[in-house]
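> Provide a 3D model corresponding to the input given below.
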Amino acid sequence: MLNMIYSEFFKLKKTCIMPLALIGGTIMTILMFVARHITEVNMSFEKYAYNIELTNFIMLFIVLFSIISAYIFSREFTDKTANVLYAYPASRIKIFMSKLVVIYILIFLTYVIEIISIPLSYYFLNGSLPDWNLMIKDLKANSLSMLFQFLLVPIPILIANLSRNIIIPMTYGILEFILSCLLRTQSFSHYAKYIPLMSPWLSVDYFYSNAYVDLDYRVDLNYIIISSILCFILFISISIYEFNKKDIN
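A predicted model of the protein is given here:
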């Protein structure tokens, strides 16, 4: 299994996927740093981190992780190497799981980069690191968001396996971004907790729904957890079944 995971990473060595994860974890922090530096507006660490993470979880990470998942699962078909891959003695379940683990590792690395870049950029703006308790709070918010990202990954995986290309999963990511923006509006925000796709940024709202960030709704974490777990069970089951039955021709 470890060899298969290593081989999946080896396939990504000369691609843009690894740089994408690095850029994805830092780009919004850099933009916020530049904007803060130019305007010289005082901003608490909570507001600073929340603005970066909200943009990442509503817009950037949705599309980024859809692209990563689709690329890893569809590359064999676009490169015409599927016949070779499925000729290996390893079972398709192991192949599926090795690809899934690689996606999870890349998501984890993206979050780690973001978590490190936010307090560092804040330090360079203000000359001191934020309070330790605030950084721990932000770490908890990102950790929960990352777990929800893990639960949503089977959706773009299934789309990629069915379409055998990266375009349709990317379209899914863009549509999810549009839906997220719509559900951020006051008219529809109360329905967001019932939709698993919204869980990565709702988990951050849960941690920041206090005096630091002005929210016009209260996040109920129970609804988010239940809907996300059910979504994961459904789509991972369908994805594994479809992957096992896939015709490689």
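> hmm, who's touching the host helix or strand of S237?
If you go by DSSP states H and E, S237 is part of helix 221-245. For helix 221-245, contacts defined as C-beta atoms under 8 Å, 6 or more residues apart in numbering pick out 92-93, 95-96, 148, 150-152, 154-155, 157-158, 161-162, 193-196, 198-199, 202-203, 206. For every residue, glycine as well, the C-beta is placed using N, CA and C.
> Could you list which of those residues belong to helices?
The helices, defined by DSSP state H, take in 92-93, 95-96, 148, 150-152, 154-155, 157-158, 161-162, 199, 202-203, 206 from the contacts of helix 221-245.
> What strand or helix carries the residue lying closest to M43 once chain neighbours are set aside?
Spatial nearest neighbour of M43, chain neighbours left out: R36 (6.4 Å); criterion: C-beta to C-beta, 6 or more residues apart in numbering. Per DSSP H and E: R36 is located in helix 17-39.
> Model confidence at I30, what's the number?
Listed pLDDT for I30 reads 92.
> Report the contact partners of it.
Per C-beta under 8 Å, 6+ apart, neighbours of I30: 117, 121.
> Next: I17.
Counting by C-beta under 8 Å, 6+ apart, I17 touches 68, 71-72, 106.
> Tell me, please, where in this protein the pLDDT is lower than the cut-off.
Where the chain drops to pLDDT under 70, the residues are 40-41, 78-90, 184-190, 209-220, 246-249.
> Give me the phi and psi for P130.
Note on P130: backbone dihedrals following degrees, to the nearest 10 are phi -70, psi 170.
> now the residue nearest to Y48 when sequence neighbours are not counted: how far from T29?
Leaving aside its sequence neighbours, Y48 sits nearest to Y122 (C-beta to C-beta, 6+ apart; 5.7 Å). Separation of Y122 from T29 (C-beta to C-beta, to the nearest Å): 9 Å.
> rewinding a little: what number of residues lie near the residue nearest to Y48?
25 (other C-beta atoms under 10 Å).
> 650 is where my numbering starts, stick with that
Renumbered: residue one is now 650, and that last one reads Y771.
> Just to check, it is in contact with P779?
Yes. If you go by C-beta atoms under 8 Å, Y771 and P779 touch, sitting 5.9 Å apart.
> shared neighbours, these two?
F694.
> Against I754, how distant is the closest residue to I804 other than its chain neighbours?
What sits nearest to I804 in space, not counting adjacent residues and going by C-beta to C-beta, 6+ apart, is F884, at 5.2 Å. Using C-beta to C-beta, F884 is found at 20 Å from I754.
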